[in-house]
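1. mind looking at a prediction? Sequence and model below.
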Amino acid sequence: MRKEITTEEAKTLFGLFRARVKYSPDKIAYRYFDEIRKKWITLTWKETEKVVARWQAALKKENLNPGDRVGLMMRNRYEWVVFELAAFGLGLVTVPFYIHDKAENAASILKSTGIRFLLIEREIQEKMSSANRDIFSDMRVIRLDEIETWLPEKYDIDLCEKTSGADELATILHTSGTTGMPKGAMFSHRNVLSNAEATAKTITFYEEDILVPFTGGYVLSMMGDIAIAFPRSLGDLGVIRPTLIVSAARLYEYAFREIKNQFVRKPWWIQCMFKYAVDMGWRRFEYQQGRGKRHPDFLLWPLLDMLIARSVRQRFGGRVRCAFYAGARLSSEISRTFIGLGMPILNCYGQTEAGPVISVNRPDDNVPASAGKPLAGVNVRVEYKTSPLPPFKGGCGELIAKGPGVMTGYWNNPAATQAAIDKEGWLHTGDRCYIDAEGRIFFMGRMSDTILMQNGEEISPAEIESEISAEILFDQAMVIGKGRPFLTALLVLNTEHWKKLAKQLKLNPDDPSALKDKSAEKAVLARITKILGNYSDAVQIRRVKLLTEPWTVQDGLVTPSAKLKRANLSIKYAEEIDKMYAEEQIANPSLIWEES
């Protein structure tokens with residue numbers, strides 16, 4: 001029998017762990033691949049308790065005091081969970097890091113939070129150290145490959161629990177730093193527990209459930225009494241066979257490209273069958289959601305499932321019934337493809353400061369274009385007076401949220417805290433959204449990213465960029481148009497598919513001048529026009545700048561969570577952007593007057 005644990009009962013994150021060990025001592029807790037023994041390891045909750053006790057014994061030797069900050073710089077893995085649980089029991093405050101962040105950002109966080117102890121993966125430390133030799137000079141650093149020499153052979157198997165209150169600081173989570181240096185959002189035990197509990201209430205758990213968390217997720221698993229498995233890559237899902245997945249949107253963007261690359265090499269009749277399977281699967285989904293009609297051709301679904309859809313689901317283990325994603329919106333093509341092939345992806349919305357989840361689509365109430373309805377206990381509304389632009393058309397404005405999961409404030413930054421959370425406790429998200437009549441949230445993009453064109457038209461570039469990036473020719477895209485008469489775009493081409501296109505156009509893909517060839521731009525614009533065929537004339541792209549050099553975190557052009565740093569990109573390509581507009585206006589001078 002499953003036993004769920006509430007925020008009220010757990011009180012703290014360590015209290016949650018102790019309660020789970022008490023209720024489910026012999027049930028499977030975690031599964032991970034041991035790189036030394038080269039095999040999968042399965043641990044029960046009782047066995048995990050002993051491991052946490054050993055880690056606590058090691059941390060006690062470090063002369064740390066309750067309230068001290070300890071850092072984690074690693075991928076989402078079993079050691080992360082054990083380390084955090086051990087730290088919470090000792091009253092320590094954890095500070096996770098983005099593993100792909102710039103060394104300068106990591107150094108800033110380490111110094112601002114006063115971290116005294118850091119657990120890190122070897123390759124990440126080597127990368128950071130090569131960029132900044134002094135980054136680790138003032139703290140104790142342990143690498144994962146050294147962990148066995150750090151952990152004691154003999155230790156007290158009884159867990160240690162320093163008295164902590166539900167409202168005491170538990171962890172500091174940093175924003176990705178889209179518009180500046182990352183800010184540290186502070187969360188109490190109650191914040192984290194309440195957000196996880198409200199999220200858990202959006203689905204039904206079963207005894208056989210296995211959760212794969214590519215990001216976060218372990219607090220939810222303890223509350224819901226479900227096992228977790230940590231994959232090394234997407235390839236491990238076939239071994240794990242999860243029923244639940246929590247990930248960033250990038251997982252499905254990557255998988256979609258792999259699937260599309262596979263099927264474009266197939267005979268034309270298989271490609272037609274793939275498209276038919278997606279179309280029929282989507283119509284079946286709409287019917288199951290109560291938004292469509294039953295069609296006679298649904299009788300063909302078992303055959304299409306066997307020939308097409310099942311192989312796609314097998315990439316994820318073949319048993320997934322809920323696949324939550326967040327961090328960015330998926331294009332309509334990607335959502336339609338996965339859902340049409342029976343992969344139940346569910347869009348969530350939130351941000352670091354919110355704890356992080358604000359809303360989520362439910363399995364029986366899934367509108368993929370939306371981010372679902374707010375969690376229980378979370379209040380939301382759209383605010384207009386704080387907008388830097390005139391009130392948004394169509395009921396759009398800044399979404400503000402209030403709930404028990406919202407951060408207590410930013411670490412050592414009262415001014416930023418005051419700007420983010422008003423006197424009534426509302427978190428001002430800075431996101432441009434609208435809420436439909438049934439309470440679903442539709443995320444349009446960051447308010448600061450909204451393009452106000454010369455003619456007063458307001459465009460959310462994130463939606464257009466996600467649609468363009470779903471095309472396998474494009475790896476990255478940024479739409480431009482603030483204060484301009486029309487939209488243009490910077491496009492980073494996929495190397496493999498650019499070579500194919502260049503060959504078709506009889507161009508040399510290794511010659512930089514080929515990217516400036518009119519035939520290449522014309523071919524790319526034709527693809528974009530087809531992609532944006534259902535959009536109004538205002539959002540059509542008139543000119544493009546073709547690039548092959550990817551935008552990276554280290555270059556300061558994207559954040560660790562793959563969000564565009566638009567200001568930096570605009571500065572880097574300022575000359576190319578101005579040239580696009582100048583050339584188009586010379587070729588079509590009427591644009592200057594028609595669009596103004």
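-> On my side now, so go ahead. Since the model is a prediction, treat every value here as computed from it, not as a measurement. Numbers count the residues shown, from 1 in each chain.
2. after the helix or strand harbouring Val380, next one along is what?
-> Under the criterion of DSSP states H and E, Val380 resides in strand 379-383. Counting by DSSP H and E, the next helix or strand C-terminal to strand 379-383 is strand 397-402.
3. could you list every helix and strand in contact with that next one?
-> strand 379-383, strand 427-435 (3 or more C-beta pairs under 8 Å, 6 or more residues apart in numbering; DSSP states H and E). (Glycine included, C-beta is placed from N, CA and C.)
4. run the last query once more with 10 Å
-> Strand 397-402 is packed against strand 345-350, strand 357-360, strand 379-383, strand 427-435, strand 441-446, with contacts defined by 3 or more C-beta pairs under 10 Å, 6 or more residues apart in numbering; DSSP states H and E.
5. Val539: which of those strands is closest?
-> strand 441-446 (12.3 Å; C-beta to C-beta).
6. in its sheet, what does the closest one sit against?
-> Sheet pairing of strand 441-446 (DSSP bridges) gives strand 427-435 (antiparallel).
7. using CSV, write down the CA coordinates of the partner strand.
-> Provided in CSV are the C-alpha atoms of strand 427-435 (Å, rounded to 0.1, in the frame of the first residue of the first chain):
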residue,chain,number,x,y,z
LEU,A,427,5.3,37.6,-7.2
HIS,A,428,5.6,39.7,-10.4
THR,A,429,6.9,37.1,-12.9
GLY,A,430,7.8,39.4,-15.7
ASP,A,431,6.1,36.9,-18.1
ARG,A,432,3.6,38.0,-20.7
CYS,A,433,0.6,35.7,-20.4
TYR,A,434,-3.2,35.5,-20.7
ILE,A,435,-5.7,33.4,-18.8
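8. run the chain-centre distance for that strand.
-> 18 Å (C-alpha atoms, centre = their mean, to the nearest Å).
9. quick one: it to strand 397-402, angle?
-> 120 degrees (axes from the mean of the first three to the mean of the last three C-alpha atoms, to 10 degrees).
10. that older thread, need the winner for burial among the helices and strands packed on strand 397-402.
-> strand 357-360 (a mean of 27; mean count of other C-beta atoms under 10 Å).
11. still on that earlier bit, contacts for the strand holding Val380?
-> 349, 354, 358-359, 373-374, 391-392, 395-403, 422, 425-429, 432-435, 439, 441 (C-beta atoms under 10 Å, 6 or more residues apart in numbering).
12. now the longest helix along the chain, how far from the chain's geometric center?
-> Longest helix of the chain, by residue count under DSSP state H: helix 268-288. Helix 268-288 sits 27 Å away from the centroid of its parent chain (C-alpha atoms, centre = their mean).
13. same check on stretch 221-228?
-> 21 Å.
14. then stretch 53-72?
-> 30 Å.
15. end to end on that stretch, go ahead and measure it.
-> 18 Å (C-alpha to C-alpha, to the nearest Å).
16. do me a favour and average the pLDDT over that stretch.
-> Mean pLDDT, computed over stretch 53-72, is 95.
17. could you do stretch 256-270 as well?
-> Rounded mean pLDDT across stretch 256-270 is 91.
18. identify all contacting residues around it.
-> 234, 252, 271-275, 307-308, 311-312, 315, 330-331, 333-335, 337-338, 341, 469-472, 475, 494, 496-497, 500.
19. now, which of those lie within helices?
-> Going by DSSP H, the helices hold 252, 271-275, 311-312, 333-335, 337-338, 469, 496-497, 500 from those.
20. can I have the buried ones of the residues you listed as a ChimeraX selection?
-> ChimeraX command restricting the ones in helices among the contacts of stretch 256-270 to the buried ones, with burial defined by 16 or more other C-beta atoms under 10 Å:
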select :252,273,274,312,333,334,335,337,338,469,497
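21. start and end of stretch 364-379, how far apart?
-> Rule used - C-alpha to C-alpha; the end-to-end distance of stretch 364-379 is 22 Å.
22. please disregard the earlier target; I meant stretch 445-457.
-> 15 Å.
23. follow-up on the earlier one: sort out which residues of the longest helix of the chain are buried, please.
-> Across helix 268-288, burial judged by 16+ other C-beta under 10 Å covers 273-274, 277-278, 280-285.
24. that's all I had, so thanks and see you.
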